[in-house]
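K.L.:
Fold the following and give me the result.
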Amino acid sequence: MRRHRRAKIVATVGPASNTPEMLKKLFHAGVDTFRLNFSHGTHDDHAKVHAAIRALEAEVGRPIGILQDLQGPKIRVGTIRDGKITVTAGDTIRFVLSGSDGDQNSIPLPHPEIFAAIVPGHHLLIDDGRVRVSVTGLGDDWIEAKVIFGGTISNRKGVNLPGTVLDLSPLTTKDRADLAFGLELGVDWVALSFVQKPSDLLEARGLIGERAGLMAKIEKPSALDRIEDIIGLSDAVMVARGDLGVEIPHEEVPGRQKELVRACRLAVKPVIVATQMLDSMVAAPTPTRAEASDVATAIYDGADAVMLSAESASGAYPVEAVAMMDRIIRSTEQHKLYRSIIDASDPGEEQTAPHAVAAAAADLAEVIHSAAIVAFTSSGTTAARIARKRPAVPVLAITPDEKLSRRLCLLWGAHSVLSEDIHTYEEMVERATRIAQAEEFARPNDSMVVVAGIPFAQAGTTNNLRVVQVGPS
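P.N.:
Here you go, the predicted model:
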């Protein structure tokens, strides 16, 4: 089953989409990877969805990726008297470390790491930034602040701290239990929420090992300050524009998105653009024109994948949202300006033999009008190096690793196929031509560019390029 587009679709599973029947509809509408959001649902709920996706995978005969998204540390205010208070610009309010039944002079904020790190001048954003306050004074167990933007503060509302780096592990006790459960299930990707610094990833990597790909969610300004190191320690990146858009000025989000996509493309790491892409389709059968343009912009930027959140998890039109995203991607990739924009944003490649071979394969395939680029890959690196060039020719990624075939469902342009290892040139040519025809990428007498590493089945080599002709039927 071939997708006639290069960028991939990630869809979040929730109450609107967690049945086997709906998962099947979403896959056929265009989903390449399903996201299990561990901020919601029980382990039993997620286990049933995981089993349903694997059953669907066996039925359709195509790899399907599963992304586990960990909740991460949630900073919230505590309980407030009468459930809420209203503050206005210019008011002075006080947060306290302990206590309950708070009022304007004693709003509970039960997070000692905040009191240890915050300084006067830092801002606290409450309820996704609807209320903004600036710190004017503090003690060991209290913070005084002036209200900049007023509004209502109610029980357990979230708090963002854009200028404060907290001494806080991104893995909570809940996350550790969820991670162990997800790895036991066999998820393909693990997304780490609220990454602040490179060392945050080391802790997660130590627990995950090679059992799943590690994805860093970029939603903190402090992460942007160390982004190259964070990308280097990750296997993929998610541009989580929800929390990121709360903590940095709205007008900076589009530029940051482009920077992150470009940096990931340069580092040969898949990148997802997420949050509010078709948000109005939570309640409506069609998106706004601005939302359609937003999805298209991510595709023009060169993102590997775009993601649906509430649209597919809890919305009234999950299948329609996926189908709409699929249509927008295909239309964008077929637009007459798409190729020139993608080529203009090419970040270049590292001056190494493997990168040069992959780049040459992409260029050669376009010059000779190849039916496909066939990449034999045991670690995914060969396919990723080719995909970084964003070639006009489809990439057929053949791997002996079942988990890798599923992870490749996030990689731009890669159509992954599971097949045994090859050991000789003859096997390579025969396997490439047979699979390319079976997967409807090539027909008799077509030419293809085949890329592999010699010795075969050795990860990361990418040193061999060959043009082959598909034999007559």
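
K.L.:
By residue count, which helix of the protein is the longest?
P.N.:
helix 43-60 (DSSP state H).

K.L.:
mind listing what's buried in that helix?
P.N.:
45, 46, 47, 49, 50, 52, 53, 56, 57 (16 or more other CB atoms under 10 Å). Glycine gets a C-beta too; all of them are placed from N, C-alpha and C.

K.L.:
And for stretch 288-303?
P.N.:
Neighbour-count burial for stretch 288-303 [16+ other CB under 10 Å]: 291, 292, 294, 295, 296, 297, 298, 299, 300, 301, 302, 303.

K.L.:
do the same with stretch 195-212
P.N.:
195, 196, 197, 198, 200, 201, 204, 205, 208, 212.

K.L.:
what distance separates the start and the end of that stretch?
P.N.:
Terminal residues of stretch 195-212 lie 18 Å apart, using CA to CA, to the nearest Å.

K.L.:
Show the residue spans covered by the strands in the stretch 51-200 of the chain.
P.N.:
Assigned by DSSP state E, counting those that start in this stretch, the strands in the stretch 51-200 of the chain fall at 65-69, 84-87, 92-96, 107-108, 123-126, 131-138, 142-149, 151-154, 159-160, 189-192.

K.L.:
quick one: average confidence on the fourth one?
P.N.:
Which is strand 107-108. Per-residue pLDDT over strand 107-108 has a mean of 94.

K.L.:
Check the second one too.
P.N.:
Summarised as a single mean, pLDDT over strand 84-87 is 93.

K.L.:
Determine the number of other residues adjacent to the closest residue in space to residue 140 that isn't next to it in sequence.
P.N.:
Excluding the flanking residues, the one nearest residue 140 by CB to CB, 6 or more residues apart in numbering is residue 115, at 6.8 Å. Residue 115 is flanked by 17 other residues according to other CB atoms under 10 Å.

K.L.:
How about residue 3?
P.N.:
By other CB under 10 Å, neighbour count at residue 3 equals 18.

K.L.:
wait, isn't it in contact with residue 416?
P.N.:
No. If you go by CB atoms under 8 Å, residue 3 and residue 416 don't touch, sitting 11.2 Å apart.

K.L.:
quick check, distance from the longest helix of the chain to the centre of its chain.
P.N.:
Put simply, helix 43-60 sits 20 Å off its chain's centre (CA atoms, centre = their mean, to the nearest Å).

K.L.:
Give me the domain ranges for this structure.
P.N.:
The chain resolves into domains spanning 8-72+170-333, 81-160, 353-469 when parsed by automatic domain parsing.

K.L.:
what's the span of the longest one, first residue to last?
P.N.:
Okay, so that is domain 8-72+170-333. End-to-end for domain 8-72+170-333, by CA to CA: 12 Å.

K.L.:
Poorly predicted segments of the stretch 251-400 of the chain, please.
P.N.:
Scanning the stretch 251-400 of the chain for pLDDT under 70 picks out 349.

K.L.:
Could I get the full set of strands for it?
P.N.:
271-274, 305-308, 373-376, 395-399.

K.L.:
can you list the ones you listed in TSV and add mean neighbour count and distance to residue 425?
P.N.:
Below are the strands of the stretch 251-400 of the chain laid out as TSV (neighbours: other CB atoms under 10 Å; distance: least, CB to CB, whole Å):
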stretch	mean neighbour count	distance to residue 425
strand 271-274	28	35
strand 305-308	26	34
strand 373-376	30	11
strand 395-399	27	15
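
K.L.:
need those strands in TSV with distance to residue 129, can you?
P.N.:
Formatted as TSV, the strands of the stretch 251-400 of the chain follow (distance: least, CB to CB, whole Å):
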stretch	distance to residue 129
strand 271-274	18
strand 305-308	21
strand 373-376	44
strand 395-399	40
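
K.L.:
Nearest to residue 41 among the ones you listed would be which one?
P.N.:
Across the strands of the stretch 251-400 of the chain, the minimum distance to residue 41, taken as CB to CB, is reached by strand 305-308, at 16.7 Å.

K.L.:
Does anything pack onto the closest one? Which helices or strands?
P.N.:
Applying 3 or more CB pairs under 8 Å, 6 or more residues apart in numbering; DSSP states H and E, one finds that strand 305-308 contacts strand 8-13, strand 271-274, helix 289-301, helix 318-333.

K.L.:
repeat that for 7 Å
P.N.:
strand 8-13, strand 271-274, helix 318-333 (3 or more CB pairs under 7 Å, 6 or more residues apart in numbering; DSSP states H and E).

K.L.:
Let me have those in JSON lines, extended by distance to residue 264.
P.N.:
Below are these laid out as JSON lines (distance: least, CB to CB, whole Å):
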{"stretch": "strand 8-13", "distance to residue 264": "14"}
{"stretch": "strand 271-274", "distance to residue 264": "4"}
{"stretch": "helix 318-333", "distance to residue 264": "18"}
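
K.L.:
Surely residue 375 touches residue 450?
P.N.:
No. Under the criterion of CB atoms under 7 Å, residue 375 makes no contact with residue 450, lying 8.0 Å away.

K.L.:
ok so, going back, can you tell me which of the helices and strands packed on strand 305-308 comes nearest to residue 283?
P.N.:
It is, among the helices and strands packed on strand 305-308 and with distance given as CB to CB, helix 318-333, at 11.0 Å.

K.L.:
chain center to the closest one: distance?
P.N.:
Distance, centroid of helix 318-333 to centroid of chain: 17 Å (CA atoms, centre = their mean).

K.L.:
my guess is residue 102 meets residue 108, correct?
P.N.:
Yes. Taking CB under 7 Å as the definition, residue 102 is a contact partner of residue 108 at 4.7 Å.

K.L.:
shared neighbours of those two, anything?
P.N.:
78, 79 (CB atoms under 7 Å, 6 or more residues apart in numbering).

K.L.:
thinking again about what came up before, got the buried residues of helix 43-60 as CSV, with pLDDT columns?
P.N.:
Shown next, in CSV, are those (pLDDT from 0 to 100):
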residue, pLDDT
45, 97
46, 98
47, 98
49, 98
50, 98
52, 98
53, 98
56, 98
57, 98
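
K.L.:
is it possible to export these to JSON lines including distance to residue 406?
P.N.:
Below are the buried residues of helix 43-60 laid out as JSON lines (distance: CB to CB, whole Å):
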{"residue": "45", "distance to residue 406": "21"}
{"residue": "46", "distance to residue 406": "16"}
{"residue": "47", "distance to residue 406": "17"}
{"residue": "49", "distance to residue 406": "15"}
{"residue": "50", "distance to residue 406": "12"}
{"residue": "52", "distance to residue 406": "15"}
{"residue": "53", "distance to residue 406": "10"}
{"residue": "56", "distance to residue 406": "12"}
{"residue": "57", "distance to residue 406": "8"}
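
K.L.:
Out of the domains of the chain, which gets nearest to residue 343?
P.N.:
It is, among the domains of the chain and with distance given as CB to CB, domain 353-469, at 7.8 Å.
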